[in-house]
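Asker: I'd like to go over a predicted model; first the sequence, then the structure.
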Amino acid sequence: MIFSAFVVFGLTVVLGTMISVILIPGRRNYDLVPLWLIRFGFGWGLGCGLWSWLTYLTLRVELLGAYRFVIELLISMVIFLYFLHFCFHNPNLSKNVTGDSPSTPSRSFTTVALVSIFLFSFLVAISLQILQSINNPHGEWDAWSFWNLRASFFFYNYPDWMTAFDRESANSNLDYPLFLPCLVFRIWHWGGANSVIVPAMIGLGFTIATVVLLVGALWLLKSMNQGLVAGICLLSVKMFVVNGADQYNDVPLAFYLVSSIVSISFFLINEKITLKPLILSGVFLGILIWTKNDAQLASASLVISTFIVFVCYYKVISFYDLFVLLITSFPFFVMLSDFKINVAPLKNAYVSVDYWPRISSQLLELNRYWIILQRFITEFFTFHRWGYFVPFLVLYSLVKGFDVEKNLKPIILTSFMTVLMIVAGYFFVYVITPQELVVHLDTSLNRLFIHILPTLLFAFFLTVGKIEKC
């Protein structure tokens, strides 16, 4: 089973990376190291997301076993052949189209020190996550009661997998999207066994992919040192690292949100000569809404921010460009709609018979706003007592100041606006929550901040000045 899992994960990364190379072609005025860091990060997310989507489709049409293997083999061969064709017919893939040579990271004391700190932080964080997974192989509450339990239903009850969504089922929160259950089930089905190693590897993979993507994107767009400091900040948040070991869906959500924004960045820095980065951004946006219910707020926030900033304010993206991004995500929206309407019972705790009286009463309770605001501020500066890097960011901005490159302004503004809209949405949800307010805050707020953390760090380090050599 372990060998099969590694083979499937390896195939996932390889095929996903091939797709990312096709959609994000390189230019030699890019540093190759950060470019490939981004491609590998994208590759993990693309492979996992697309195969989760394909798994749901095959479940819905009851196409599994040998037929599904043939289909996946054919898809893999098509991707591989097109990848070879793309590489041989794109001479600029590894050549400099501008005549400049790629910048080589200087071996200054600052860079060497940051590389050393980053590698140490990375090894400590990954070791911590592995130890946490060994000590708690089934993950925390949401993992074994929702995600992995649902994957087990699929594995043991196929072809009667839809019994997992019976209204009489003890499995609650039936309308949760199936990104993780479908992905875990797919690998279990390939390996022929139900193993706790698979969910743990998925959690570890998304933790690594998020860090790698953040470092690579900032290295390419700003500087190597900037990317390293951002990576160190992200790895210093124990809550982020442990969440992956808990096998929750929050780190994948955060990954797909920042991936969609980074993809749009490539569209701008490539001078809008190709729509491929927008297609990739649309794919990530579509996978994003498939991760969990919270992601629907994040995806809507990103689309609205992109429309306001890119289309209306800066006018660097046309309505047609935005349409390409949205139409690429449309198949995932259709899949989610099918799941919500035809598979999962339509039940929402926020909408009930006493909906309007309860909402009206809660909206007028000023004390609720004060409690939520206090918890938001405390959580932002402490990250559930597991990360105190926010004061460092404040001090960093005071010391280094701000250095915003003109072509990056739309990306920065879109990122910050998306984060603010997500936070505002969460705030409103807590105001109208039917659950006991303090309990709801205690059990969810720390994980909600994980969703915006990589995007916040990405925008912040694009905004502030670079770390100079020593």
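Answerer: Looks like it came in fine. Numbers count the residues shown, from 1 in each chain.

Asker: only C-alpha atoms for contact and neighbour calcs from this point on.
Answerer: Fine.

Asker: what's the helix or strand harbouring G47 packed up against?
Answerer: G47 belongs to helix 32-60 when elements are defined using DSSP states H and E. Helices and strands touching helix 32-60, as assessed by 3 or more Cα pairs under 8 Å, 6 or more residues apart in numbering; DSSP states H and E, comprise helix 2-23, helix 179-191, helix 197-221, helix 250-269, helix 276-289, helix 319-338.

Asker: Next, the angle from it to helix 197-221.
Answerer: In terms of direction (axes from the mean of the first three to the mean of the last three Cα atoms, to 10 degrees), helix 32-60 departs from helix 197-221 by 140 degrees.

Asker: May I see the buried residues of helix 32-60?
Answerer: 32, 34-56, 59-60 (16 or more other Cα atoms under 10 Å).

Asker: sorry, back to before: which of the helices and strands packed on helix 32-60 sits closest to T306?
Answerer: helix 319-338 (8.2 Å; Cα to Cα).

Asker: Flag every buried residue along the closest one.
Answerer: 321-322, 324-330, 332-333, 335-336.

Asker: Is it possible to get JSON lines of these that adds distance to F9 and pLDDT?
Answerer: Shown next, in JSON lines, are the buried residues of helix 319-338 (distance: Cα to Cα, whole Å; pLDDT from 0 to 100):
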{"residue": "D321", "distance to F9": "33", "pLDDT": "92"}
{"residue": "L322", "distance to F9": "32", "pLDDT": "93"}
{"residue": "V324", "distance to F9": "30", "pLDDT": "92"}
{"residue": "L325", "distance to F9": "28", "pLDDT": "94"}
{"residue": "L326", "distance to F9": "28", "pLDDT": "94"}
{"residue": "I327", "distance to F9": "28", "pLDDT": "95"}
{"residue": "T328", "distance to F9": "25", "pLDDT": "94"}
{"residue": "S329", "distance to F9": "24", "pLDDT": "93"}
{"residue": "F330", "distance to F9": "26", "pLDDT": "94"}
{"residue": "F332", "distance to F9": "22", "pLDDT": "93"}
{"residue": "F333", "distance to F9": "25", "pLDDT": "93"}
{"residue": "M335", "distance to F9": "24", "pLDDT": "90"}
{"residue": "L336", "distance to F9": "24", "pLDDT": "91"}
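
Asker: which of these lies closest to M417?
Answerer: Of all those, M417 sits closest to L322, with 17.2 Å by Cα to Cα.

Asker: ok, that closest one - contacts?
Answerer: F307, V311 (Cα atoms under 8 Å, 6 or more residues apart in numbering).

Asker: quick one on the thing from earlier: need the buried residues of helix 319-338 in CSV (columns: distance to T17).
Answerer: As requested, the buried residues of helix 319-338 are exported to CSV (distance: Cα to Cα, whole Å):
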residue, distance to T17
D321, 24
L322, 24
V324, 22
L325, 20
L326, 22
I327, 22
T328, 18
S329, 19
F330, 22
F332, 20
F333, 24
M335, 24
L336, 25
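
Asker: Looking at these, which one is closest to R150?
Answerer: L336 (16.4 Å).

Asker: Distance check, the closest one against K222.
Answerer: Using Cα to Cα, to the nearest Å, L336 is found at 36 Å from K222.

Asker: Likewise for R186?
Answerer: 38 Å.

Asker: ditto for V334
Answerer: Distance from V334 to K222, by Cα to Cα: 37 Å.

Asker: Over to G465?
Answerer: Using Cα to Cα, G465 is found at 9 Å from K222.

Asker: low-scoring stretches of the stretch 101-250 of the chain, by residue?
Answerer: 101-107, 167-172 (pLDDT under 70).

Asker: now do 90
Answerer: 101-111, 136-176, 186-197, 236-239, 241-247 (pLDDT under 90).

Asker: the strands in it, which residues?
Answerer: Taking DSSP state E, counting those that start in this stretch, the stretch 101-250 of the chain contains no strands at all.

Asker: what about the helices in it?
Answerer: Ranges of helices within the stretch 101-250 of the chain are 109-135, 141-142, 148-157, 179-191, 197-221, 224-235, 238-245, 250-269, based on DSSP state H, counting those that start in this stretch.

Asker: Adding mean neighbour count and distance to E365, write those out as TSV.
Answerer: As requested, those are exported to TSV (neighbours: other Cα atoms under 10 Å; distance: least, Cα to Cα, whole Å):
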stretch	mean neighbour count	distance to E365
helix 109-135	17	41
helix 141-142	13	31
helix 148-157	20	38
helix 179-191	24	37
helix 197-221	24	39
helix 224-235	24	36
helix 238-245	24	31
helix 250-269	25	30
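
Asker: Which of those helices sits closest to D294?
Answerer: For D294, the closest of the helices of the stretch 101-250 of the chain is helix 250-269, at 8.5 Å, according to Cα to Cα.

Asker: Can you list the helices and strands that the closest one packs against?
Answerer: helix 32-60, helix 197-221, helix 238-245, helix 276-289, helix 294-306, helix 409-432, helix 437-463.

Asker: Generate TSV for those, with distance to I126 as supplementary columns.
Answerer: Converted to TSV, the helices and strands packed on helix 250-269 look like this (distance: least, Cα to Cα, whole Å):
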stretch	distance to I126
helix 32-60	16
helix 197-221	8
helix 238-245	8
helix 276-289	24
helix 294-306	26
helix 409-432	27
helix 437-463	17
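
Asker: what's F402 sitting at in phi/psi?
Answerer: Main-chain torsions, F402, degrees, to the nearest 10: phi -120, psi 140.

Asker: measure the closest residue to it other than its chain neighbours to G244 for me?
Answerer: Spatially, and ignoring its direct neighbours in sequence, F402 is nearest to V464 (4.1 Å; Cα to Cα, 6 or more residues apart in numbering). As judged by Cα to Cα, V464 and G244 stand 29 Å apart.

Asker: who's in contact with stretch 210-219?
Answerer: 33-38, 40-42, 224-228, 230-231, 234-235, 251, 254-255, 259, 262, 454, 458, 461-462.

Asker: Ok, stretch 402-421 next?
Answerer: Under the contact criterion Cα under 8 Å, 6+ apart, stretch 402-421 has outside partners 261, 264-265, 268-269, 298, 301-302, 305-306, 309-310, 314, 452, 455-456, 459-460, 462-466.
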